[in-house]
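[1] below: sequence and its predicted model.
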Amino acid sequence: GAGVSQTPSNKVTEKGKYVELRCDPISGHTALYWYRQSLGQGPEFLIYFQGTGAADDSGLPNDRFFAVRPEGSVSTLKIQRTERGDSAVYLCASSSIQGSEQYFGPGTRLTVT
Amino acid sequence: AQSVAQPEDQVNVAEGNPLTVKCTYSVSGNPYLFWYVQYPNRGLQFLLKYITGDNLVKGSYGFEAEFNKSQTSFHLKKPSALVSDSALYFCAVRGGGSSNTGKLIFGQGTTLQVKP
């Protein structure tokens, strides 16, 4: 079946602009996670959704970052007033309520110039 | 606090030889442990997990991992390496218990280079 998909695959934006990154989880997966991976590092947790609600947003670095999942499926990560330090690969993952392993999308590479 | 350490930035092995990629962890409660592999310009692929039960876990592509509670380790192994195994490997942990949200804590990654 279809895996996790993320769009766009690449995004280049200017410092100070607003960006939205989209994630389509595996159909039927109720848990959705966002991670950020900087060059040479392991992924770092940002936020977790169970259904429509953000159950754990402890990884969001500051209030410029926000994510939604209004219908319990697709999620959008929103970054306001982007900074060069936001440049990274943003990964989305989903898991079924019964399983514990997370399945990752290919990521969105964000470059802030 | 939960943490994962992968002490080797890179592991080099000849094709056909056994390989080991090391991982140690720190977590409160019983750990849930995972290995993922990342190929260039690709997303993370799940390899295997340990939740409970047999300490030796078998996963995809002939990989296995051994959970050692006393040493807090979860090393990834394969009896005979292939050139196509060359990739970046990540160990990850989540804490057990009903309050845990399932977020994964990843190690820094280990690059595996298998030479013909």
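    Great, that's in hand. Numbers count the residues shown, from 1 in each chain, chains lettered A, B, ... in the order given.

[2] ranking helices and strands of chain A by mean pLDDT, which lands last?
    strand A:53-56 (a mean of 88; mean pLDDT, DSSP states H and E).

[3] moving C-terminal from that strand, which element do we reach first?
    Toward the C-terminal end, the helix or strand that comes next after strand A:53-56 (DSSP states H and E) is strand A:65-68.

[4] quick check, B:Tyr39 in contact with B:Asp85.
    No: look at B:Tyr39 against B:Asp85 with C-beta atoms under 8 Å: they stay out of range, at 10.3 Å. The way it works is simple: take the backbone N, C-alpha and C, and place the C-beta from them, glycine included.

[5] picking that back up, counting neighbours, which bits of the least confident helix or strand of chain A end up buried?
    Buried residues in strand A:53-56, counted by 16 or more other C-beta atoms under 10 Å in any protein chain shown: A:Ala54, A:Asp56.

[6] restrict it to CA atoms and write it as PDB.
    The C-alpha trace of strand A:53-56 is given here as PDB (Å, rounded to 0.1, in the frame of the first residue of the first chain):
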ATOM      1  CA  GLY A  53      -5.200  16.700  18.800                       C
ATOM      2  CA  ALA A  54      -1.600  17.500  19.500                       C
ATOM      3  CA  ALA A  55      -0.800  15.100  22.300                       C
ATOM      4  CA  ASP A  56       2.800  16.200  22.700                       C
END
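
[7] re the thing from before, who has more neighbours, B:Tyr39 and B:Asp85?
    B:Asp85 (19 against 12; other C-beta atoms under 10 Å in any protein chain shown).

[8] can you show me the helices along chain A?
    Assigned helices in chain A: none (criterion: DSSP state H).

[9] what's the closest non-adjacent residue to the residue of it found nearest chain B?
    Ranking the residues of chain A by distance to chain B (C-beta to the nearest C-beta) places A:Gly42 first, at 3.2 Å. Leaving aside its chain neighbours, A:Gly42 sits nearest to B:Phe106 (3.2 Å; criterion: C-beta to C-beta, 6 or more residues apart in numbering or on different chains).

[10] tell me the contacts of B:Glu64?
    With C-beta atoms under 8 Å, 6 or more residues apart in numbering or on different chains as the criterion, the residues that contact B:Glu64 are B:Leu48, B:Leu56, B:Val57, B:Lys58, B:Leu76, B:Lys77, B:Lys78.

[11] same thing but 10 Å
    With contact taken as C-beta atoms under 10 Å, 6 or more residues apart in numbering or on different chains, B:Glu64 is in contact with B:Trp35, B:Leu47, B:Leu48, B:Leu56, B:Val57, B:Lys58, B:His75, B:Leu76, B:Lys77, B:Lys78, B:Pro79.

[12] give me the neighbour count for the residue in chain B that chain A sits nearest to.
    Minimum separation of chain B from chain A (C-beta to the nearest C-beta) falls at B:Phe106, amounting to 3.2 Å. Here the number of neighbours of B:Phe106 (other C-beta under 10 Å) works out to 21.
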